[in-house]
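Participant: Predicted model and sequence below, questions to follow.
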Amino acid sequence: MWDEQFAFRGHLIVLVDEKTSSDAEAFARGVSELGLGKIVGKRSWSGGIWLSSDNKLVDGGITTAPEYGVYNDKYGWGMGIEQMGVAPDVEVDNNPRDAFEGRDAQLKVAISVLKEWLKKEEVVLPKKPGRPMNKRKKDSEGCSA
């Protein structure tokens, strides 16, 4: 079965900031480590040991505790996130006043980076393979029914 038509072939930009945490940090680290795209924004929060929230208190509340670590050969435990965060390829800070007024400098720069990247490296889609040629006889051929 040829299902490569569903593969994403474009350029990927990931936005991060100091509030990016947990799975979002792991996603950004993966994109960075695998060379799948570029990271734009500010260094992420730095929480590479995932928390559990199943520690119930007698009053009905919960408490969280660092419990689930991840590992890779380059960074060890914490996957290069714990206590260091994910550093962006292009650092951009959002001015709080501008953000309040609806302007997003990180998004603007990310779009600019993507446009420049597309000028330098156009996304090339593979040729369609066409319809498969079925050289076998149809099941109905030669059937006397």
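Facilitator: Great, that's in hand.
Participant: what is the mean pLDDT for stretch 38-48?
Facilitator: For stretch 38-48, mean pLDDT rounds to 93.
Participant: how long is that stretch end to end?
Facilitator: The straight-line separation of the ends of stretch 38-48 (CA to CA, to the nearest Å) is 20 Å.
Participant: could you point out where the chain is predicted with low confidence?
Facilitator: Filtered on pLDDT under 70, the chain yields the residue ranges 1-5, 133-145.
Participant: for it, longest helix please?
Facilitator: Longest helix in the chain by number of residues (criterion: DSSP state H): helix 105-120.
Participant: Need the CA coordinates for that helix. PDB is fine.
Facilitator: What follows is helix 105-120, C-alpha atoms only, in PDB (Å, rounded to 0.1, in the frame of the first residue of the first chain):
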ATOM      1  CA  ALA A 105       6.200  39.500  17.800                       C
ATOM      2  CA  GLN A 106       7.100  35.800  18.000                       C
ATOM      3  CA  LEU A 107       4.400  34.800  15.500                       C
ATOM      4  CA  LYS A 108       5.400  37.700  13.200                       C
ATOM      5  CA  VAL A 109       9.100  36.500  13.200                       C
ATOM      6  CA  ALA A 110       8.100  32.900  12.800                       C
ATOM      7  CA  ILE A 111       6.100  33.700   9.700                       C
ATOM      8  CA  SER A 112       9.100  35.800   8.400                       C
ATOM      9  CA  VAL A 113      11.500  32.900   9.100                       C
ATOM     10  CA  LEU A 114       9.200  30.500   7.300                       C
ATOM     11  CA  LYS A 115       8.900  32.800   4.200                       C
ATOM     12  CA  GLU A 116      12.700  33.200   4.000                       C
ATOM     13  CA  TRP A 117      13.100  29.400   4.400                       C
ATOM     14  CA  LEU A 118      10.600  28.800   1.600                       C
ATOM     15  CA  LYS A 119      12.500  31.200  -0.700                       C
ATOM     16  CA  LYS A 120      15.800  29.400   0.000                       C
END
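Participant: Does that helix pack against any helices or strands, and if so which?
Facilitator: Applying 3 or more CB pairs under 8 Å, 6 or more residues apart in numbering; DSSP states H and E, we find helix 105-120 packed against strand 13-16, strand 38-41, strand 90-91. Backbone N, C-alpha and C define where each C-beta goes, glycine included.
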